[in-house]
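>>> Have a look at this prediction, sequence included:
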Amino acid sequence: MHKILTTFLILFSGILLYSQQSISDILDLDTCRDISIHGQPEYYVGDDLFSLINGGAELYHEYGFVEVVSAEIYAGGKEALRAEIYDMGSIEAAWGIYSMTATSQERPFHAGVAGRKGKGFAQFIKNRFMVYFYFEEIHDTLLQYISGCLVRRIDGYYPRPAFMKCVEAAMPDPEKVIYFRGNLGMSSLYSFHYKDVFGAEEGAAAVYPGLKVFLLGYENDGDCIEHYNTAREFFMNSSKYHDPLSLRGSFHVKDRKDRQIDCVQELPYLLIFIHEKEMDLNPAREAIMEACRQVMNANEAP
């Protein structure tokens, strides 16, 4: 069932454009007045990414990284900035790594979608591409102009993954919402174990004061039940957790810092709540599932 949540985003992107456009196309800036590429762009494919990123390349690969190009962009014949354009393979993956790399020292930047800017850098995403700018000093007007040139070169849409929309419905105003595709991304918010305990295909998490909410998706109900049983067995017998309580379709434990962890089946999903104090989780649970139903219904409408 959860495939409905992920595949409809790509369908709306325009499959033909999605399959044909490359990062080389984006760097064709002939239509941008006074903007040019200096020298030869450098391409990094697959494991080449490890030579560009000093740590963290594993996370990009977990999301499905395809390739990245790095190029020096000149404006009016003078060096303006360095651009890195990442082809993450899908809209969801671009959103995922973008949500993971957010920092507290940034402010909104009007480019692409969810653009942001900090000291010496700016970022935005569009379709399956994520664009980074690095600079020492640049006027906002010029930065905006260069960004606009690249944005216009990227085809397609850029909706957020449905999992993000669902999980952020738990409560108003989350501090952070991320989309992940494996244990590395999930562990950035809470390390359940160095192994992939839950085995989810994909998921999202929302962070609130004193509460973290995870929504995990599986291929089907049977797959979800199998991974739930495996996770429950692990938590019930792990020395890292205590006060285990197993109920029908849910289990509860506490970690070494006495944070409470509740895992609930909502086939074909698992919901995990990590909270510091006693709280009624039912409103958040119901809000998330209602949001998921609305997303699915919107996709099924003619």
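On my side now, so go ahead.

>>> Please verify my assumption that Phe121 contacts Ile138.
No - Phe121 lies out of contact with Ile138 (C-beta atoms under 8 Å); the separation is 10.6 Å. Every C-beta, even on glycine, is put in place using the N, C-alpha and C of the backbone.

>>> how about the helices in the chain?
With DSSP state H as the criterion, the chain has helices at 3-11, 15-20, 23-26, 49-52, 57-63, 91-100, 140-153, 162-167, 183-187, 221-237, 282-300.

>>> who wins for proximity to Val197 among these?
Val197 lies closest to helix 221-237 among those, at 5.2 Å (C-beta to C-beta).

>>> which other residues reach the closest one?
1, 193, 197-200, 218, 241, 244, 246, 251, 253, 261, 263, 265, 267-270 (C-beta atoms under 8 Å, 6 or more residues apart in numbering).

>>> can you list the domains in this protein?
3-153, 162-300 (automatic domain parsing).

>>> so how far is the shortest one off the chain centroid?
On the basis of C-alpha atoms, centre = their mean, to the nearest Å, domain 162-300 is displaced by 16 Å from the centre of the chain it belongs to.

>>> Can you select the buried ones among the contacts of helix 221-237 for me in PyMOL?
With 16 or more other C-beta atoms under 10 Å as the criterion, this PyMOL line picks the buried residues out of the contacts of helix 221-237:
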select buried, resi 197+198+199+200+218+241+251+253+261+263+265+267+268+269+270
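
>>> My guess is Phe50 contacts Ala57. True?
Yes - using C-beta under 8 Å, Phe50 is in contact with Ala57, at 4.6 Å.

>>> For the two, list the residues in contact with both.
Common neighbours of Phe50 and Ala57 (C-beta under 8 Å, 6+ apart) do not exist.

>>> Any idea which of the domains of the chain has the lowest pLDDT on average?
When these are compared by mean pLDDT, domain 3-153 comes last with a mean of 83.
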